[in-house]
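*Asks:* Fold the following, please.
(chains A, B, C and D)
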There are 2 protein chains.
Amino acid sequence: MGNKGESNRQLIVKAADQLFYTRGYHQTSFRDISDATGIPRGNFYYYFKTKDDILNAVVEARVEVYGDILKDCEQKSTDPLQRLLCFSNMLSKFEDNLIVAGCPIGTLCSELAKYEADLQEVSRAVFSLMRDWLVKQFAALNYSDADNKAMDMMARMQGITVMASAFGDRDFIHRSLKELQDWINSLRLN
Amino acid sequence: MGNKGESNRQLIVKAADQLFYTRGYHQTSFRDISDATGIPRGNFYYYFKTKDDILNAVVEARVEVYGDILKDCEQKSTDPLQRLLCFSNMLSKFEDNLIVAGCPIGTLCSELAKYEADLQEVSRAVFSLMRDWLVKQFAALNYSDADNKAMDMMARMQGITVMASAFGDRDFIHRSLKELQDWINSLRLN
DNA sequence: GTCTATATGTAGATAGAC
DNA sequence: GTCTATCTACATATAGAC
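*Replies:* Residues are numbered from 1 along each chain as shown, chains lettered A, B, ... in the order given. As a prediction, this is how the structure comes out:
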């Protein structure tokens, strides 16, 4: 009794994840996902009742993936400041994708914020995950306004990706990441 | 010979502008625009050949509108620093809209960046307008890296709107705007 | 579980009467 | 210039054979 079904389900989620990112949620059709996976359109409804259900599964998968990234940053150092630097390095690590399609999380939230409150709440989950994690790091640095710092850092990174994507400007990412990391390093003394 | 035709055209552009903002470009149908204006769908093709042409007209209209905002900031003060503060005040002025639908320019660029290079280039026009204007102000403050400063300021504002919209957080806008304006004021001495 | 065929709605776009 | 009727394509979703 294998996991063939589960495997197909995972294939769909994986392809949808990528397509929702590179084309947007509404601009991704079942046909697109079918083409990417080789799985017939009609088959999707065996695994998911609606397209929105696929979105839910994609967000769950992303929570998993970004949770792993955060865990990785935790394992590489016990120093909160080093962990923040590790987090900020996502800008460099995913640079190629950020330039062409922006931040997967930010652009999804922006798309779904537009008069689709239910879906937007779903998409916000990954942001919340990161925010909570960042709060922990800033709290460990003895900042009483840890949540403010977390929001500030996320806003900075989002702003960088929006502008870098709008102008296709890799150098802007490099320079901004450096400045962001200077800012992080300046938080040591508290 | 009246301007009745022109007036209808303007009605379409105005409604499309609003809908592209609150619902997104792809999520806005001719039916939506028809419902908003009372103008029959088939009639649109008398004024525009394609939906993309409507987008072009909308972006042109926005260039006009934001150009006026920039002119207004110029007229209110000859001091570049005051002008920058005036520009930043858009975050407060448009707060209600930013919370529910993000930045009209940023979200359009993000949406159209997704594998639609032609459309993205069109949408970038308003960003370019602002960027050039900001460069002038920073240059007037004797910054040799005026373009970097302009990009930094726009990135900050974009990041603020993305996070405020994602979390529906008005207070974050208020606090961030204050910090942004502190930053602007700190640029006096150069 | 997997697939084809199809239902139903709506998208952008066109034709042609008035 | 304005409007209705309609075309073609494709969207999500369903039915039912295998």
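*Asks:* Residue numbers of chain A in contact with DNA strand D?
*Replies:* Taking C-beta under 7 Å from any atom of the strand as the measure of proximity, chain A contacts DNA strand D at A:28-32, A:41-42, A:44-45, A:49-52. Yep, even glycine has a C-beta here, placed from its N, CA and C like the rest.
*Asks:* quick one: which of the residues you listed is nearest to chain B?
*Replies:* Nearest to chain B among those is A:T28, at 9.6 Å by C-beta to the nearest C-beta.
*Asks:* burial count for that closest one?
*Replies:* Other residues near A:T28 come to 22 when the count uses other C-beta atoms under 10 Å in any protein chain shown.
*Asks:* That one: what's it in contact with?
*Replies:* A:T28 sits next to A:A16, A:L19, A:F20 when contact means C-beta atoms under 8 Å, 6 or more residues apart in numbering or on different chains.
*Asks:* Could you list which residues are in contact with the last one?
*Replies:* Listed by C-beta under 8 Å, 6+ apart, the contact set of A:F20 reads A:T28, A:L55, A:V58, A:P104, A:L108.
*Asks:* Let me have those residues in JSON lines, adding distance to DNA strand C and pLDDT as columns.
*Replies:* JSON lines is the format used below for the contacts of A:F20 (distance: C-beta to the nearest atom of the strand, whole Å; pLDDT from 0 to 100):
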{"residue": "A:T28", "distance to DNA strand C": "15", "pLDDT": "98"}
{"residue": "A:L55", "distance to DNA strand C": "19", "pLDDT": "98"}
{"residue": "A:V58", "distance to DNA strand C": "19", "pLDDT": "98"}
{"residue": "A:P104", "distance to DNA strand C": "25", "pLDDT": "98"}
{"residue": "A:L108", "distance to DNA strand C": "21", "pLDDT": "98"}
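*Asks:* Go ahead and build a PyMOL selection from the buried members of those residues.
*Replies:* PyMOL command restricting the contacts of A:F20 to the buried ones, with burial defined by 16 or more other C-beta atoms under 10 Å in any protein chain shown:
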select buried, chain A and resi 28+55+58+104+108
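*Asks:* can you put the contacts of A:F20 in a markdown table and add secondary structure and distance to A:A140?
*Replies:* Formatted as a markdown table, the contacts of A:F20 follow (DSSP: H, G, I helix; E, B strand; the rest coil; distance: C-beta to C-beta, whole Å):
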| residue | secondary structure | distance to A:A140 |
| --- | --- | --- |
| A:T28 | coil | 39 |
| A:L55 | helix | 34 |
| A:V58 | helix | 31 |
| A:P104 | helix | 27 |
| A:L108 | helix | 29 |
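*Asks:* Out of the contacts of A:F20, which is nearest to DNA strand D?
*Replies:* Nearest to DNA strand D among the contacts of A:F20 is A:T28, at 6.4 Å by C-beta to the nearest atom of the strand.
*Asks:* What is the neighbour count of A:D169?
*Replies:* 16.
*Asks:* Check A:S7 too.
*Replies:* A:S7, neighbours per other C-beta under 10 Å, totals 10.
*Asks:* Within the helices and strands, which one has the residue of chain A found nearest chain B?
*Replies:* In chain A, the residue that lies nearest chain B is A:G159 (2.7 Å; C-beta to the nearest C-beta). Using DSSP states H and E, A:G159 maps to helix A:146-167.
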